[in-house]
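Trainee: how would this look folded up:
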Amino acid sequence: LLPSSTTTVAAAAAAAAGGGGGDDDGGGGVEIQIDLVPVDADTKADAASGGDGEKPDISPPSFAGGDDDESIQSLLKAGGDDDGDDGKSEPAAAETDEGRPESESEESEEEKKKKEEEAAAAEASRSCFSKLVIQPGTRLAARLELLEFLLSSVTCFTVAFQAAFAFESTGLWAFNYACEGLLLAAVYLKLHTAYADEDDNHTETDLALIRRHFWRHGAALDVAAAFPLDFICFAFSPLERRLQYLSYLRLPRLLRVFYVSRFFKRRASQLNSPTVLIMVLKFVAFVALSTHWITCVWFMLGCTGGDECRTGSWAWGATLGGNGLHLQGEPSIDLYGNSLYWAVATMTSTGYGDITASTKGEKLVAIFAMIYGKLLFGFILGSIASTLVNADILRVRYTEKLENVKEFLVDQALPASIQKRVIRYYNYLWTRNRGVNGQRLFDDLPLTLQSEVALNINDLILKKVPLFQDGDPGFMRMLALVIEPRLYMPGEFVVRKGDIGREMFFIHRGSVEVISEDDEPVVWDAMSSGSFFGEISLLITVPRTASIRAATHVDMFVLTKASLDKTLEHYPELSEKIHSLARDRFHIEEDDDED
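Mentor: Numbering: from 1, shown residues only. Prediction:
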């Protein structure tokens, strides 16, 4: 082995330290790198025989006559990546590099920088789509799903029609392949669409996991519907029948009907979707597809694209209007119309006898069409009826409750006037809120969200009350939660004079009148939306000083004394402040307040 300049030699480090006067700090940590390179057989022979070649010098370099640091730097500068097998030293290579023109060096640096920028731009363009992640529930994801639905629906019609009636149509071939390309692009985008992981309760956005999820749960249908069976036709079919066989091999594209079903299923599962309308559209789509497919199959049993009709098939013995059918060479639309007529007549009834099945295959298809048609339309009518009943389930439940109320009133032998008022109230309650209890409507929400909803509804009316104007935000949220909604019919009393007051009222809609207790009441005052009364009843227990009656249909919010006291337990300083304001406002004695 011949030494070069990149393998550590401790002796050289020691020599460098000795040249520095024996200072431990100056030379103790220096290492000299020397590479050991293999020597071929000729070189070994020359060295052994003392021939022309000189023996390699493996003695440590000398540092005499110079500064330690400068000597070490010069030694390290002289070392390099020389492999040693050409006999050239690193200083010679350094001189070669230094001998290059400065302009050439700068030019090479610029070219290198330019190439790096171009490579970075190319990498960015390549990773633009590879890093794309579509979030579920966004507008882009909804449009992608809608595009897939529309293309799948069109493909289910055109592929079957082409195989039966128009396999020689160039325009239809171009249209179908264009739809195929867009559907393949949609499949690629599905590989970049995040999904909701129900186990971990989060949306998965990692592309590797998204693709793994796709291949496990949705790839089978996409692969089966897009598998390129077309190449089999080009390889084995005769030239004169190639287009016909190619159209048959494209029939697996009809599996995309499951995309149509999935689209309607996802739309119906959304709470804000018109369920009845979606169900009707779903049934219309599947009736149309089923009828179309049976039409195409029926025609293919008798004829081949209108060019030829099989002897003994339905196309030879059919009569329309007393005349025999002449399907040879007819336009595709006329051929389709005759077959569609038979399909509809057979699926909805047993046919009219003008077009009948002749061969065994035709009879089997006719039997299937009759049975399938009856089951299909029976299922549709039953589903629509069930949907209409479920859509009105609230009315059914409320009606049942109202019947129970009527039976109770009769059993208790209440006066007819009271029974009438109770029934009128329940009828108004149904008209006003469809029988839904607004106070319990949001019980499923988290408490913080409930308080935000309640505060947004009641914030304005609470801030109008002087006692609550400077209330803590937390106190206002808790107060909004305990306010109860109430409805009053015209002529109904809200409070009566002399009753013990334990409630405060906020008028949300409608108007009330302050009246006397005379036989012919005198209206002393009137209050409308945004007004409130009875706040003194929240602090002390006193009889009502006037009667208040609803002048119109009134929506009110009620705050009880018990609810306020329970809320103020968490805010003692605010409780003292409210009671102090009440004493000053209503001139209440402190002893009365304590009582």
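Trainee: Contacts only, for the residue lying closest to S563 once chain neighbours are set aside.
Mentor: Computed as CB to CB, 6 or more residues apart in numbering, the closest residue to S563 that is not its neighbour in sequence is V482, at 3.8 Å. Yep, even glycine has a C-beta here, placed from its N, CA and C like the rest. By CB atoms under 8 Å, 6 or more residues apart in numbering, the residues touching V482 are 559-560, 563-564, 566-567.
Trainee: pLDDT below threshold where in the stretch 151-300 of the chain?
Mentor: The stretch 151-300 of the chain contains residues with pLDDT under 70 at 197-202, 235, 237-240, 271.
Trainee: switch the cut-off to 80
Mentor: Scanning the stretch 151-300 of the chain for pLDDT under 80 picks out 195-206, 217-218, 230-242, 270-273, 275-276.
Trainee: so for the helix or strand containing A385, what's the average pLDDT?
Mentor: Per DSSP states H and E, A385 falls inside helix 360-391. Averaged over helix 360-391, pLDDT sits at 87.
Trainee: Run through the neighbouring helices and strands of that helix.
Mentor: Other helices and strands packing on helix 360-391, by 3 or more CB pairs under 8 Å, 6 or more residues apart in numbering; DSSP states H and E, are helix 275-302, helix 332-348.
Trainee: re earlier: check the contacts of V482 and tell me the two furthest apart.
Mentor: Across the contacts of V482, the longest distance by CB to CB is 11.4 Å; it joins L559 and K566.
Trainee: So which of the two has more stuff around it?
Mentor: For L559 versus K566, the count of surrounding residues by other CB atoms under 10 Å is larger for L559: 27 against 12.
Trainee: Let's have the helices and strands packed on helix 360-391 in CSV, adding distance to V494 and mean neighbour count.
Mentor: As requested, the helices and strands packed on helix 360-391 are exported to CSV (distance: least, CB to CB, whole Å; neighbours: other CB atoms under 10 Å):
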stretch, distance to V494, mean neighbour count
helix 275-302, 40, 18
helix 332-348, 62, 19
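Trainee: what would those look like in JSON lines with distance to E116?
Mentor: What follows is these, written out as JSON lines (distance: least, CB to CB, whole Å):
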{"stretch": "helix 275-302", "distance to E116": "55"}
{"stretch": "helix 332-348", "distance to E116": "60"}
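Trainee: now for the ones you listed, which one comes closest to A219?
Mentor: Closest to A219 of those is helix 275-302 (CB to CB; 24.0 Å).
Trainee: ok and that closest one relative to helix 332-348, angle-wise?
Mentor: Going by axes from the mean of the first three to the mean of the last three CA atoms, to 10 degrees, helix 275-302 is angled at 110 degrees with respect to helix 332-348.
Trainee: Which other helices and strands does helix 275-302 contact?
Mentor: By 3+ CB pairs under 8 Å, 6+ apart, helix 275-302 packs against helix 139-164, helix 257-269, helix 314-317, helix 332-348, helix 360-391.
Trainee: Out of the ones you listed, which is closest to A226?
Mentor: helix 139-164 (10.7 Å).
Trainee: Give me the helices and strands touching the closest one, please.
Mentor: Here helix 139-164 touches helix 170-190, helix 242-249, helix 257-269, helix 275-302, going by 3+ CB pairs under 8 Å, 6+ apart.
Trainee: M556 bridge partners, please.
Mentor: Beta bridges link M556 to R486, I507, judged by DSSP bridges.
Trainee: pretty sure it contacts E503?
Mentor: No: applying CB atoms under 8 Å as the test, M556 and E503 come out as separate, 9.9 Å apart.
Trainee: Across the sheet, point out what pairs with C309.
Mentor: C309 has these beta-bridge partners by DSSP bridges: C303.
Trainee: Quick one: distance of stretch 222-240 to the chain centre.
Mentor: Distance, stretch centre to chain centre, for stretch 222-240: 36 Å (CA atoms, centre = their mean, to the nearest Å).
Trainee: what comes up buried for it?
Mentor: Residues of stretch 222-240 classed as buried: 222, 225-226, 233, 237 (neighbour count, 16 or more other CB atoms under 10 Å).
Trainee: Kindly report the same for stretch 204-221.
Mentor: Along stretch 204-221, these residues count as buried under the neighbour rule (16+ other CB under 10 Å): 204, 210, 213-214.
Trainee: now do stretch 487-499
Mentor: Using 16+ other CB under 10 Å as the test for burial, stretch 487-499 gives 487-488, 494-495.
Trainee: tell me the mean pLDDT for it?
Mentor: Mean per-residue pLDDT for stretch 487-499: 89.
Trainee: now what about that stretch, what contacts it?
Mentor: Under CB under 8 Å, 6+ apart, the answer for stretch 487-499 is 421, 424-425, 428-429, 432, 501, 503, 505, 510, 512, 517, 534, 543-556.
Trainee: which among the residues you listed end up buried?
Mentor: The neighbour-count test (16+ other CB under 10 Å) marks 429, 501, 503, 505, 510, 512, 534, 544, 547-551, 553-556 as buried among the contacts of stretch 487-499.
Trainee: Can you check which of the helices and strands packed on helix 360-391 gets nearest to I578?
Mentor: In terms of CB to CB, the element of the helices and strands packed on helix 360-391 nearest to I578 is helix 275-302, at 49.0 Å.
Trainee: that older thread, any idea which helix or strand comes after the helix holding A385?
Mentor: Downstream of helix 360-391, the first helix or strand assigned by DSSP H and E is helix 393-411.
Trainee: Would you mind giving the buried residues of stretch 487-499 as TSV with distance to A416 and secondary structure added?
Mentor: Below are the buried residues of stretch 487-499 laid out as TSV (distance: CB to CB, whole Å; DSSP: H, G, I helix; E, B strand; the rest coil):
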residue	distance to A416	secondary structure
L487	23	strand
Y488	21	strand
V494	24	strand
V495	26	strand
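Trainee: if we take these, which one ends up nearest to E362?
Mentor: Nearest to E362, judged by CB to CB, of the buried residues of stretch 487-499 is L487 at 67.7 Å.
Trainee: For K401, see how far away that closest one is.
Mentor: The gap separating L487 from K401 is 16 Å, by CB to CB, to the nearest Å.
Trainee: do the same with W314
Mentor: Applying CB to CB to W314 and K401 gives a distance of 60 Å.
Trainee: got it, and V465?
Mentor: Using CB to CB, V465 is found at 35 Å from K401.
Trainee: Looking at these two, which is more packed in?
Mentor: Applying other CB under 10 Å to V465 and K401 shows that V465 carries more neighbours, namely 17 against 13.
Trainee: quick one: the more buried one and F532 touch, right?
Mentor: Yes: V465 is within contact range of F532, at 6.1 Å (criterion: CB under 8 Å).
Trainee: Need the residues touching each of those two.
Mentor: Common neighbours of V465 and F532 (CB under 8 Å, 6+ apart) are M504.
Trainee: What is the most widely separated pair among the buried residues of stretch 222-240?
Mentor: D222 and S237 (25.8 Å).
Trainee: tally of neighbours for F149?
Mentor: Using other CB under 10 Å, F149 has 20 neighbouring residues.
Trainee: next one: A562
Mentor: The number of residues packed around A562, counting by other CB under 10 Å, is 12.
Trainee: before we move on, back to that, can I get the contacts of V482 in JSON lines including pLDDT, secondary structure and distance to F149?
Mentor: JSON lines is the format used below for these (pLDDT from 0 to 100; DSSP: H, G, I helix; E, B strand; the rest coil; distance: CB to CB, whole Å):
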{"residue": "L559", "pLDDT": "89", "secondary structure": "strand", "distance to F149": "52"}
{"residue": "T560", "pLDDT": "89", "secondary structure": "strand", "distance to F149": "54"}
{"residue": "S563", "pLDDT": "88", "secondary structure": "helix", "distance to F149": "52"}
{"residue": "L564", "pLDDT": "87", "secondary structure": "helix", "distance to F149": "55"}
{"residue": "K566", "pLDDT": "88", "secondary structure": "helix", "distance to F149": "54"}
{"residue": "T567", "pLDDT": "87", "secondary structure": "helix", "distance to F149": "52"}
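Trainee: Right, I'll call it a day here.
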